[in-house]
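Student: give me a 3D structure for the following:
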Amino acid sequence: MSNNGLLSLSSTMAGDIVVIHVNGVLDATTREQFSDYLDAAADDHGPHMVLDLGGVTFMDSRALGLIVHHWQRSTTAGGHFALVAVQYPNSKVMWVTGLSERLPLFDTLDDALAAFAA
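Tutor: Got it, this is the predicted structure:
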């Protein structure tokens, strides 16, 4: 669990997939915290990762770049990667950049896990 007031991060496991619950602001003030947490989760649990972004209140382009980096890291290592519960108003940068068309977005964790199993 990591919390600096602006950003709270926690994780659970769904089988061998780490599910990271992100609540708060993803911007320059929280980028290092977010980056360190994702790196540690990948190092500890391997390449399978789901980011639950339902609690994100704001995301900037650097945070999105970090997410893309972990998506590429995960898939390069043969892992499954997904984003769930993305809220458009708080993550508009995904749509502005066109990455919403490329990133693996799912409404729920169950939807993501079903896609991984398919």
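
Student: got a list of what residue 31 touches?
Tutor: Residue 31 makes contact with 62, 63, 66 under the criterion C-beta atoms under 8 Å, 6 or more residues apart in numbering. For the C-beta atoms, the positions are set from N, CA and C on the backbone; glycine is no exception.

Student: if any of these are buried, give me the PyMOL selection for them.
Tutor: The following PyMOL line selects those of the contacts of residue 31 that are buried, judged by 16 or more other C-beta atoms under 10 Å:
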select buried, resi 63+66
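
Student: now the contacts of residue 31 in CSV, with distance to residue 92?
Tutor: CSV is the format used below for those (distance: C-beta to C-beta, whole Å):
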residue, distance to residue 92
62, 14
63, 12
66, 17
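
Student: look up phi and psi at residue 102.
Tutor: Main-chain torsions, residue 102, degrees, to the nearest 10: phi -110, psi -40.

Student: how about the secondary structure of the spatially most central residue of the chain?
Tutor: Nearest to the centroid of the C-alpha atoms of the chain, with distances taken as C-alpha atoms, centre = their mean, sits residue 51, at 3.0 Å. At residue 51 the chain is in strand, as set by DSSP: H, G, I helix; E, B strand; the rest coil.

Student: would you check that it makes contact with residue 66?
Tutor: No - contact between residue 51 and residue 66 fails when scored by C-beta atoms under 8 Å: they sit 10.3 Å apart.

Student: just to revisit the earlier point, what pairs with the residue nearest to the centre of the chain across the strands?
Tutor: residue 20, residue 83 (DSSP bridges).
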